[in-house]
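Novice: structure for this input, please:
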Amino acid sequence: MSTSSKTLIADKNATIGAAMIRENRIPDTYLAQYVPSKAEATLDSVTQHQAFLDQKPAICNPTDIKGNAVVSVGSLDKNEIVDVPFIRYKYSKILLNNHPISSWSSKRGTIEFKSKNHIKHSKVQIQYGSKRLFAVIVACEVLGVLGIITGIVIQKRTPSDMI
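Specialist: Numbers count the residues shown, from 1 in each chain. Below you'll find the predicted structure:
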């Protein structure tokens, strides 16, 4: 990267635009945190919402529904390879018309999958994160709060001269 690694994320001049991506002027401290190295070279096509349907380029208009990225890719043929303009992360989950499907990382670091059937109107939904991990975190928080409440109750019941 051509930019100094001392550039701060909070710096107002560090806003990433298409020109910065094309000219490889993205601050190291920002890009490495959010974009896998495999996807850095093709980040411009991702920000322009360029998908590939059997290696033919198409432009998608992603929307957000309940915190999930959603994109319509139109009609899909059986066994068609679809490369959507979303970067693949460890816990990426893909739903095709509300049905989970297997996916992998494309050559450009984005999410790629194969349609199993002919689909007239396809809606691809991308979810990031692990529901199991989220459940474990919530359970730990609940146990922590219960532990604090129990400690307070025990402390109030114990006479102050015994402490």
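
Novice: quick check: next helix or strand after the helix or strand of the chain with the lowest mean pLDDT?
Specialist: Least confident helix or strand of the chain, by mean pLDDT, DSSP states H and E, is helix 28-34 with a mean of 62. Moving toward the C-terminus from helix 28-34, the next helix or strand (DSSP states H and E) is helix 37-40.

Novice: show the contacting residues for residue 125.
Specialist: By Cβ atoms under 8 Å, 6 or more residues apart in numbering, residue 125 lies in contact with 65, 68, 69, 70, 94, 95, 96, 98. All C-beta spots, glycine's among them, are computed from the backbone N, C-alpha and C.

Novice: quick check: closest non-adjacent residue to the last one.
Specialist: Spatial nearest neighbour of residue 98, chain neighbours left out: residue 125 (7.2 Å); criterion: Cβ to Cβ, 6 or more residues apart in numbering.

Novice: run through the bridge partners of the one you found.
Specialist: residue 70, residue 95 (DSSP bridges).

Novice: dihedrals phi and psi, the most centrally placed residue in the chain?
Specialist: Closest to where the C-alpha atoms of the chain average out (Cα atoms, centre = their mean) is residue 128, at 4.4 Å. Residue 128 adopts backbone torsions of phi -110, psi 140, taken as degrees, to the nearest 10.
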